[in-house]
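Participant: prediction below, plus the sequence it came from.
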Amino acid sequence: DAMVIQNPRYQVTQFGKPVTLSCSQTLNHNVMYWYQQKSSQAPKLLFHYYDKDFNNEADTPDNFQSRRPNTSFCFLDIRSPGLGDAAMYLCATTGLAGVVSQYNEQFFGPGTRLTVL
Amino acid sequence: GNSVTQMEGPVTLSEEAFLTINCTYTATGYPSLFWYVQYPGEGLQLLLKATKADDKGSNKGFEATYRKETTSFHLEKGSVQVSDSAVYFCALNDYKLSFGAGTTVTVRA
């Protein structure tokens, strides 16, 4: 089945040690998003890619970076994780064949739960 | 700007009870409206959606109607099951998703 895949599902890192989370999709969608979600709060958008164009949210800390080497893959890099970065990180996609509109739903992956020790 | 206000929980119900979760929105333009559901430890799944005024979205016994006059998109289910226990998010899509705060629903057997 076409889907959004996130690896790993659980990630433990140490304070200050760089970590990379992975997302892949088989939906051939143009847009890929990264969200941070804490304690059953609403997901908070960090940034998104429209094809290769990177769009950062104004309040996303510089500690968070992203890469999209091709249509299928997108990575979230946390350069120096702090205790406050412990959260669920969700990847989502939308926009098939270049059609991106307010009618489109976003398809979410299962998330990666990050623990910072 | 766009925003979504959602009834906060937690909500605890007995099986076969009627569920309503209120959602109102503020938006410029003509957004689509969604309800997403999140089961414990999982990502968000689309439950239902409506793309224009007076549209009714429905899925798995859940319904919501896009009411432009009251700027609302309330979620309802006539008879809940234990398996409906989850967090429910109302969301508005105007090229970006704006989420409500989420409502935790627990259904007791």
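Facilitator: Received the coordinates, thanks.
Participant: how many neighbours does residue 46 have?
Facilitator: Looking at chain A here, since you left the chain open. Here the count is done by other Cβ atoms under 10 Å in any protein chain shown, and A:L46 has 20 residues near it. All C-beta spots, glycine's among them, are computed from the backbone N, C-alpha and C.
Participant: wrong one, I was asking about chain B
Facilitator: 16.
Participant: check the offset of the lowest-mean-pLDDT helix or strand in chain B from the chain's centre.
Facilitator: In chain B, the helix or strand scored least confidently by mean pLDDT, DSSP states H and E is strand B:97-99, which has a mean of 91. Remark: strand B:97-99 is offset 12 Å from the chain centroid, using Cα atoms, centre = their mean, to the nearest Å.
Participant: list of residues touching that strand?
Facilitator: Defining contact as Cβ atoms under 8 Å, 6 or more residues apart in numbering or on different chains, one finds that strand B:97-99 is touched by A:42-43, A:45, A:106, B:2-4, B:25, B:34, B:36, B:89-92.
Participant: do the same with stretch B:18-27
Facilitator: Residues from elsewhere that reach stretch B:18-27 (Cβ under 8 Å, 6+ apart): B:1-7, B:11, B:13, B:31, B:33, B:35, B:64, B:70-80, B:84, B:88, B:90, B:92, B:94, B:98, B:100, B:103, B:105.
Participant: so how do I select the buried members of the residues you listed in ChimeraX?
Facilitator: Typed into ChimeraX, the line below selects the buried ones among the contacts of stretch B:18-27, using 16 or more other Cβ atoms under 10 Å in any protein chain shown:
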select /B:2,4,6,7,11,13,31,33,35,64,71,72,73,74,75,77,80,84,88,90,92,94,98,100,103,105
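Participant: among the contacts of stretch B:18-27, name the ones in strands.
Facilitator: Residues from the contacts of stretch B:18-27 lying in strands, with DSSP state E as the criterion: B:3-6, B:11, B:13, B:33, B:35, B:64, B:75-77, B:88, B:90, B:92, B:98, B:103, B:105.
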